[in-house]
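Asks: Structure, please.
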Amino acid sequence: MAKVVELTSYPVKGCAGLSVHEAFMTPAGLSHDRSFMIVDENGVFRSQRRDPRLALVRPSIAADGTRLTLEAPGSGTVTVPVDASSERRPVELFGAPFTGIDQGDEAAAWLSAVTGGPSRLVRVPPEHDRITDGLVAGTSGYADSCAVHVVSRSSMAALNERLVSDGTEPLPISRFRPNIVVDGWDDPHTEDLARRITVGSVELAYAKLAIRCAVTLVDQQSGRRSGREPIRTLATYRRAAEGGVAFGVKLAVVRPGRLSVGDDVTVSSWGASELRADSAGHQAAR
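Replies: Model (predicted):
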């Protein structure tokens, strides 16, 4: 039986993840996931694409969501009260306009020092009503797209087998920054085909393949870019029909609820792969 073996929330977009044993899945994803975002002086989001050192910023958030702590090597820590009610400011995410609630000068000064450029920290406002795309629409905070990102261990093992056979060191699954890691699916990329998934009291629906970007080139332990992998190898067998290389899937939340590491992962509906038909990783619908 497939089971959840890792749960990770990323409270601050682009920063390190927060591993949890159990969590509440909101309509916008795991509690606090991508509910904060770092922006530059123009309100444009910062990410590891441009600022790989963000991987070293480790957030933690109080259980009641009222205080956020950020920590980074050589930079100490900063703890700020979470502001969910002050004046909104315009922010930009992949060219789309949103709003955010600024979290104050102390967090801004600390992040500016870490990134080496003017930075502010903003929080998703309560009225945030973003609609995400894909086969099933949903919502999310400041995630790149959909609320939940799922990767299986068998998919990671298959990728690492290719890397090792090519003389490259295997990579940790953290390179892909998933929210949920599943073990127990024998066939790699089974997640590509799962259309309705139940975990604990949560129901998730397939939205689309996760198209990979330069963030996967960043070593999440050192905060540095490290070569061309895994993009180079993924391009040889994981090309999506709509373009780009894919690894893992993005899901929408159909029914919020609680889930835990160790929960069974039950698939009630299957579909066809959205990989290109000539891709070596192509699979037929179950």
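
Asks: tell me which element residue 233 is part of?
Replies: Taking DSSP states H and E as the criterion, residue 233 maps to helix 231-234.

Asks: List the buried residues in the next helix-or-strand element following that helix.
Replies: For helix 231-234, the following helix or strand on the C-terminal side (DSSP H and E) is strand 246-255. Buried residues in strand 246-255, counted by 16 or more other Cβ atoms under 10 Å: 246-253. No exception for glycine: its C-beta is placed from N, CA and C like everyone else's.

Asks: which other helices and strands contact the helix holding residue 233?
Replies: helix 153-165 (3 or more Cβ pairs under 8 Å, 6 or more residues apart in numbering; DSSP states H and E).

Asks: Please enumerate residues in contact with the helix it packs on?
Replies: Here helix 153-165 makes contact (Cβ atoms under 8 Å, 6 or more residues apart in numbering) with 5, 169-171, 173, 176, 181-183, 185-191, 229-230, 233-234, 236-237, 247-248.

Asks: Which of those residues fall in helices?
Replies: The members of these that map onto helices under DSSP state H are 233-234.

Asks: What's the end-to-end length of stretch 117-129?
Replies: 30 Å (Cα to Cα, to the nearest Å).

Asks: Distance from that stretch to the middle of the chain?
Replies: Centre-to-centre, stretch 117-129 and its host chain are 17 Å apart (Cα atoms, centre = their mean, to the nearest Å).

Asks: List the buried residues in it.
Replies: For stretch 117-129, a neighbour-count test (16+ other Cβ under 10 Å) marks 119-125, 128 as buried.

Asks: And stretch 33-42, by the same measure?
Replies: Result for stretch 33-42 [16+ other Cβ under 10 Å]: buried residues 33-40.

Asks: before we move on, what about stretch 171-183?
Replies: 171, 173-183.

Asks: swap in stretch 44-61?
Replies: Buried residues in stretch 44-61 (16+ other Cβ under 10 Å): 45-48, 51-59, 61.

Asks: mind listing which of those are in helices?
Replies: Taking DSSP H, every one of those sits outside helices.

Asks: Greatest separation within the residues you listed: which pair is it?
Replies: Across those, no pair lies farther apart than 52 and 61, at 22.9 Å, counting by Cβ to Cβ.

Asks: how about low-confidence regions in the stretch 51-200 of the chain?
Replies: Within the stretch 51-200 of the chain, no range satisfies pLDDT under 70.

Asks: on that earlier part again, how about a markdown table for the buried residues of stretch 44-61, with distance to residue 259 added?
Replies: Supplementary listing: those in a markdown table, determined by distance: Cβ to Cβ, whole Å:
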| residue | distance to residue 259 |
| --- | --- |
| 45 | 28 |
| 46 | 30 |
| 47 | 27 |
| 48 | 26 |
| 51 | 31 |
| 52 | 30 |
| 53 | 31 |
| 54 | 27 |
| 55 | 25 |
| 56 | 28 |
| 57 | 26 |
| 58 | 23 |
| 59 | 21 |
| 61 | 18 |
